[in-house]
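Asker: Got a predicted structure here, sequence first:
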Amino acid sequence: MNSRFVGLLFYPAKNFWRYLESRKEDGMGKIGFIGMGNMGSAILRGLLGHGFKPEELLFTDVRESRRREISSETEVEAVCSDKECAAASSCLVLAVKPQYYPEVLGEIRSVLKPGQMVISIAPGKSVGHLKEMLGEDKRIVRAMPNTPALLGEGMTGVCYDPAEFSREEEEFIGRFFASFGRMEVVEERLMDAVVCVSGSSPAYVYMMIEAMADGGVKYGLSRSQALTMAAQAVLGSAKMVLETGKHPGELKDMVCSPGGTTIAAVSALEEQGFRSALIKAADACIERCRAL
């Protein structure tokens, strides 16, 4: 996590929410969500689990059944339109797919307040583009989370212009993203790289887990045993990287005994272009981001 946000999980809630409280005089003060797909609902639930009350949140979704479902499960108020949600929010989270941005941004532009904070989680939509669509006075936070946010283990790359936000608001931004995982502040020019390193990469990891489990099944393990072992191996290995601070290459070498089973497997992976395939996946991901 970026050093500026170390300790935010312990930032006093009464200070953390102070700036939102100050906006209630304008009839605002809520965090509103447009879109309640997997990512929108994961973030909403993360906030509820880290000090937010249902009455401090608001959301809308194009599907009436989804609005009823989420509102029933969380007790957060649902409204029927994007405009209504945007008008009632101090901080607005755009949690819709990039192809719906032109329609949504066109609908809400007229009701946004001067200086309103807007958090965008869509790939390929720059801060400049959002300001052009919503107004230059809007303060944009561009973010790229990933689906492990559903379990509070998300990884989010975030960029914004610090000159547009107070220290208190920066603390809010840090706490917001820390509520459903880890975050790193990056320059906007690196946001496409964030997409391929953490935004899209869970899909690659799931494919690897599935393939590892297939190998176990091939040699006699049950499917459930093999999946559990493969998934736990990935989880434990990731924690080793994060918690020891050691380079992955060093940790790999610790497992590879001379003449042993692991170095034989690593050699086979190298012969098949394992690392090269992942880098090629990053290339394809970047290319698609830039086409959005």
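Answerer: Arrived safely, thanks for sending.

Asker: Only C-alpha atoms from now on, for both contacts and neighbour counts.
Answerer: Fine.

Asker: which intervals of this structure have sub-threshold pLDDT?
Answerer: Within the chain, the segments meeting pLDDT under 70 span 1-28.

Asker: just the helices in it please.
Answerer: Ranges of helices in the chain, per DSSP state H, are 13-16, 18-23, 38-48, 64-74, 82-87, 101-108, 127-134, 167-178, 191-194, 201-218, 223-244, 248-255, 261-271, 274-291.

Asker: Which of those helices sits closest to residue 32?
Answerer: The minimum distance between residue 32 and these falls on helix 82-87, with 5.9 Å, by C-alpha to C-alpha.

Asker: which residues touch that closest one?
Answerer: 28, 32-34, 58-61, 79, 92, 104, 107-108, 111-113 (C-alpha atoms under 8 Å, 6 or more residues apart in numbering).

Asker: With stretch 278-292 instead?
Answerer: Contacting residues not belonging to stretch 278-292 are listed as 98, 123, 124, 125, 192, 193, 195, 196, 197, 200 [C-alpha under 8 Å, 6+ apart].

Asker: Using PDB, write out every CA atom in that stretch.
Answerer: The C-alpha trace of stretch 278-292 is given here as PDB (Å, rounded to 0.1, in the frame of the first residue of the first chain):
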ATOM      1  CA  LEU A 278       1.900 -14.300 -19.400                       C
ATOM      2  CA  ILE A 279       3.800 -11.300 -20.900                       C
ATOM      3  CA  LYS A 280       2.000 -11.800 -24.200                       C
ATOM      4  CA  ALA A 281      -1.300 -11.800 -22.200                       C
ATOM      5  CA  ALA A 282      -0.200  -8.400 -20.800                       C
ATOM      6  CA  ASP A 283       0.400  -7.100 -24.300                       C
ATOM      7  CA  ALA A 284      -3.000  -8.200 -25.500                       C
ATOM      8  CA  CYS A 285      -4.600  -6.600 -22.400                       C
ATOM      9  CA  ILE A 286      -2.900  -3.300 -22.900                       C
ATOM     10  CA  GLU A 287      -3.800  -3.300 -26.600                       C
ATOM     11  CA  ARG A 288      -7.500  -3.800 -25.700                       C
ATOM     12  CA  CYS A 289      -7.400  -1.100 -23.000                       C
ATOM     13  CA  ARG A 290      -6.100   1.400 -25.500                       C
ATOM     14  CA  ALA A 291      -8.900   0.500 -27.900                       C
ATOM     15  CA  LEU A 292     -11.700   1.200 -25.400                       C
END
